[in-house]
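Q: Can you look at this prediction? I've put the sequence above it.
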Number of protein chains: 2
Amino acid sequence: MAVSGRQTGRPTLEEVAARAGVGRGTVSRVINGSPRVSDRAKEAVGQAIAELGYVPNRAARALAGARTDAVALVIPETEARLFAEPYFLDIIRGVSAELADADMQLLLTLIRSSKERQRFEQYLSAQRVDGVLLVSVHGDDPLPDLVQELGIPAVLNGRRSADEPVAYVDSDNVGAGRSAVAHLAGRGRRRIATITGPLDMYVARCRLDGYRQGIEAAELPLDDRLVAAADFTEEGGRRAMRQLLDRCPGLDGVFAASDVMAAGARSVLRDAGRRVPDDVALIGVDDSAVARLMDPGLTSVRQPIEEMGRRMARALLQHITGSGTEPRQVILPTDLVVRDST
Amino acid sequence: MAVSGRQTGRPTLEEVAARAGVGRGTVSRVINGSPRVSDRAKEAVGQAIAELGYVPNRAARALAGARTDAVALVIPETEARLFAEPYFLDIIRGVSAELADADMQLLLTLIRSSKERQRFEQYLSAQRVDGVLLVSVHGDDPLPDLVQELGIPAVLNGRRSADEPVAYVDSDNVGAGRSAVAHLAGRGRRRIATITGPLDMYVARCRLDGYRQGIEAAELPLDDRLVAAADFTEEGGRRAMRQLLDRCPGLDGVFAASDVMAAGARSVLRDAGRRVPDDVALIGVDDSAVARLMDPGLTSVRQPIEEMGRRMARALLQHITGSGTEPRQVILPTDLVVRDST
DNA sequence: GACCGCTGTGGGAGCGCTCCCATTCCGTTT
DNA sequence: AAACGGAATGGGAGCGCTCCCACAGCGGTC
């Protein structure tokens, strides 16, 4: 029932009111679901809205009321580079789905320079969004605190530290490390190394903790020479793998804290003549396209990324409306996707 | 009602005017860059704005004026699955950069169901955005036409057909196919096959045309048995590769219309005992992470994705303001990234 | 010296909503 | 029967802008 495009013809609240034979206030009440309306009025208004094809004007609503019906999803560029590629699209997918149900707009903001950062801060203080979703993992990012100070509801994806003050949704990174190692140990590996992410990121420290817990649970000796720090990049993974081979030629399993680093490690292993999985079993995190496409397919710890996006949005919406059944801290479980690399 | 929100302290135009000792109109003129303002007034207003930290209220502006300072980037879910993953982030990156410079908001809209599609159409007709950026490649997508009918400026990423009526930014897909084949031929390959995308997409047809042109340019015989249609997925690439090997065991080169399909093809080649590049040279399109991570590294035709995003945004902004130096049709060149698979 | 056309400027009139107060209209209570 | 209170309602008063009309100044012209 395509309405032909006229700019001026959009019906207003007033017109709906006239048609329904009620006052402006009543229509507003119906639209906003106020309980103080008779069924008769509700019905008349509903019909008038349908007949006129009325859609509320957001600008007017935002100006008159205190809300904007928009939420910002902020992605600092520095993070963007680090995440496995499908990550963002999945997060967006989840967020978008949840917001659409609430008829909220998703404003995407990439922050890549301090200039843009400043502009965004202006944005915030101008109250242009009802809430903020932050993809933030660096331990020293001050943005979440700023948002908090401005009194704007916020939810993070990932924590900055163990005692993150801002609401967040994260995955069980410790559990991810633990189950990866358990899997490797279950395959009979005894000298299991790990390639970590940058240790100023909480997510990387958690996965390392998980690794250690896994080693202990398998009653294997903890050995610092089996731990090499990297930075979530392929090249970093490569460097770390070389270090590990150097230090412990006898290793027979590697837990890389991301698929991309695992890919780097894999190429070094190949160059060194180690077969995967025969000589060295390899496992990553993310279950990204990279894992599926590697040869052999990379066993990986999957995170429920889209679900994280959904939960973030849900938590934020509740935070905004003040109805709070969703907990301020959400940690989602990971699961193991076994392929041929282990 | 826990929301404290509503910072009453935000300065308004009126306050700026009072402080600068001018009228409201003058301040508005300064902010909107009208030429009809004296330097003296301009300076006084500028100072008042700085002192007060004034930021215009968008809702008020949208309500009073006819613009919203927001642009929607629409991604139909069906497409989302097909594109190589980094694609979107790069598009977004380009779009975002360009919009930020114009102080425009980026509204991201994923359309996955007909319900959401309908909601989006309502959106549009409610004039909530100044323009629309559409990532649309399917030949039969009616959305661009709808947007056009509503009189809303729009720019597509990719065309639906040769005579696309809506403004678009695309990459030189024919050239991509041509140069891929030229490269293969230059490496001495004589039996070059191609794995196409779904042929109801113009992009896929273009790359196939390019392939054909390349074959002719290299003075090789055109042979339909060397053409296998797929769907831009890994599994599709696998199936097509099997077909090709079946039909033409003697092929020595494959141009896959996407990296992901190339990855599928590669695994089939491996299973068939064909070495890459020794027995069969393989080339893809996109220069995505997949290409870098494959073993051997996949030679690929790169598209300037971020640049496409930037150009789309630029074209749209000009379309909105009416200043039109940017052409309605933009086709960006691709370039070859040579790795070890050829 | 009265007239003209400029450029700058001030401020009224909305834009379409929400908020809230006043009003009406009930059913109850005393 | 009068008085009361709550539910439903109408509509005024803005929200902070842009648009636009009116008007003040200021040469320059006849």
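A: Cool, the structure landed.

Q: distance from the centroid: which residue in chain A tops it?
A: A:Gly21 (47.5 Å; Cα atoms, centre = their mean).

Q: Excluding sequence neighbours, find me the nearest residue to that one.
A: Computed as Cβ to Cβ, 6 or more residues apart in numbering or on different chains, the closest residue to A:Gly21 that is not its neighbour in sequence is A:Ala44, at 6.4 Å. Every residue, glycine included, has its C-beta placed from N, CA and C.

Q: okay but the one you found is in contact with A:Ala17, surely?
A: No - the pair A:Ala44 / A:Ala17 is not scored as a contact, 9.9 Å apart, by Cβ atoms under 8 Å.

Q: returning to that earlier point: quick one: the residue farthest from the centre of chain A and A:Val45 touch, right?
A: No - applying Cβ under 8 Å as the test, A:Gly21 and A:Val45 come out as separate, 9.4 Å apart.

Q: Which residue ranges of the stretch 201-342 of chain A form strands?
A: A:227-229, A:253-256, A:281-285, A:299-302, A:329-332, A:335-337 (DSSP state E, counting those that start in this stretch).

Q: Could you give the number of residues near the residue nearest to A:Glu216 when sequence neighbours are not counted?
A: Distances taken as Cβ to Cβ, 6+ apart place A:Leu222 nearest to A:Glu216, at 6.8 Å, with adjacent residues excluded. Other residues near A:Leu222 come to 10 when the count uses other Cβ atoms under 10 Å in any protein chain shown.

Q: What separation do you get for A:Leu222 and B:Gly273?
A: From A:Leu222 across to B:Gly273, the span is 44 Å (Cβ to Cβ, to the nearest Å).

Q: How about A:Leu108?
A: From A:Leu108 to B:Gly273 the distance is 47 Å (Cβ to Cβ).

Q: Neighbour count: these two, which is higher?
A: Per other Cβ under 10 Å, whichever of A:Leu108 and B:Gly273 has more neighbours is A:Leu108, with 23 against 7.

Q: doesn't that one fall inside a strand?
A: Yes - counting by DSSP: H, G, I helix; E, B strand; the rest coil, A:Leu108 is found in a strand.

Q: tell me the pLDDT at A:Thr8?
A: On pLDDT, A:Thr8 comes in at 50.

Q: for the one 3 residues further on, same thing?
A: The pLDDT attached to A:Pro11 in the predicted structure is 89.

Q: Do I have it right that it meets A:Glu51?
A: No - using Cβ under 8 Å, A:Pro11 is not in contact with A:Glu51; the gap is 9.2 Å.

Q: Please say which of those two ends up with more neighbours.
A: For A:Pro11 and A:Glu51, the more surrounded residue by other Cβ under 10 Å is A:Pro11, and the numbers stand at 17 against 12.

Q: got the contact list for the more buried one?
A: By Cβ atoms under 8 Å, 6 or more residues apart in numbering or on different chains, A:Pro11 lies in contact with A:Leu52, A:Gly53, A:Tyr54.

Q: one more time with 7 Å
A: Shown in contact with A:Pro11 (Cβ atoms under 7 Å, 6 or more residues apart in numbering or on different chains): A:Leu52, A:Tyr54.

Q: sec struct for it, please.
A: Using three-state DSSP, the structure places A:Pro11 in coil.

Q: Next: the one 3 residues further on.
A: Secondary structure for A:Glu14, judged by three-state DSSP, is helix.

Q: any idea of the pLDDT on it?
A: Predicted confidence (pLDDT) for A:Glu14: 91.

Q: I'd like to know how far it sits from B:Ser125.
A: Taking Cβ to Cβ, one finds A:Glu14 at 19 Å from B:Ser125.

Q: For those two, work out which one has more neighbours and name it.
A: Using other Cβ under 10 Å, the more surrounded residue of A:Glu14 and B:Ser125 is B:Ser125, with 22 against 11.

Q: thought that one was touching B:Gly151?
A: No - counting by Cβ atoms under 7 Å, B:Ser125 does not reach B:Gly151; the two are 10.0 Å apart.

Q: residues in contact with the residue of the stretch 51-200 of chain A found nearest DNA strand D?
A: Distances between the stretch 51-200 of chain A and DNA strand D by Cβ to the nearest atom of the strand are smallest at A:Ala64, namely 3.6 Å. Residues counted as contacts of A:Ala64 (Cβ under 7 Å, 6+ apart): none.

Q: next one: phi and psi at it?
A: phi -80, psi -50 (degrees, to the nearest 10).

Q: and A:Ser161, what helix or strand is that in?
A: Following DSSP states H and E, one finds A:Ser161 outside all helices and strands.

Q: Wait, it touches A:Tyr202, no?
A: Yes - at 5.5 Å, A:Ser161 counts as touching A:Tyr202 under the criterion of Cβ under 7 Å.

Q: Neighbour count: these two, which is higher?
A: Neighbours per residue, other Cβ under 10 Å: of A:Ser161 and A:Tyr202, the larger number sits with A:Tyr202, 20 against 10.

Q: what about the strands in the stretch 1-150 of chain A?
A: Secondary structure of the stretch 1-150 of chain A, counting by DSSP E, counting those that start in this stretch: strands at A:70-76, A:105-111, A:131-135.

Q: Sheet partners, orientation included, of the last one?
A: Strand pairing for strand A:131-135, using DSSP bridges, gives strand A:70-76 (parallel), strand A:154-157 (parallel).

Q: export it as PDB, just CAs?
A: Extracted in PDB, the C-alpha atoms of strand A:131-135 (Å, rounded to 0.1, in the frame of the first residue of the first chain):
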ATOM      1  CA  GLY A 131      22.000   5.600  25.400                       C
ATOM      2  CA  VAL A 132      25.400   4.400  24.300                       C
ATOM      3  CA  LEU A 133      26.700   1.000  23.400                       C
ATOM      4  CA  LEU A 134      30.500   0.800  23.600                       C
ATOM      5  CA  VAL A 135      32.700  -1.700  22.000                       C
END
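
Q: Thank you, goodbye.
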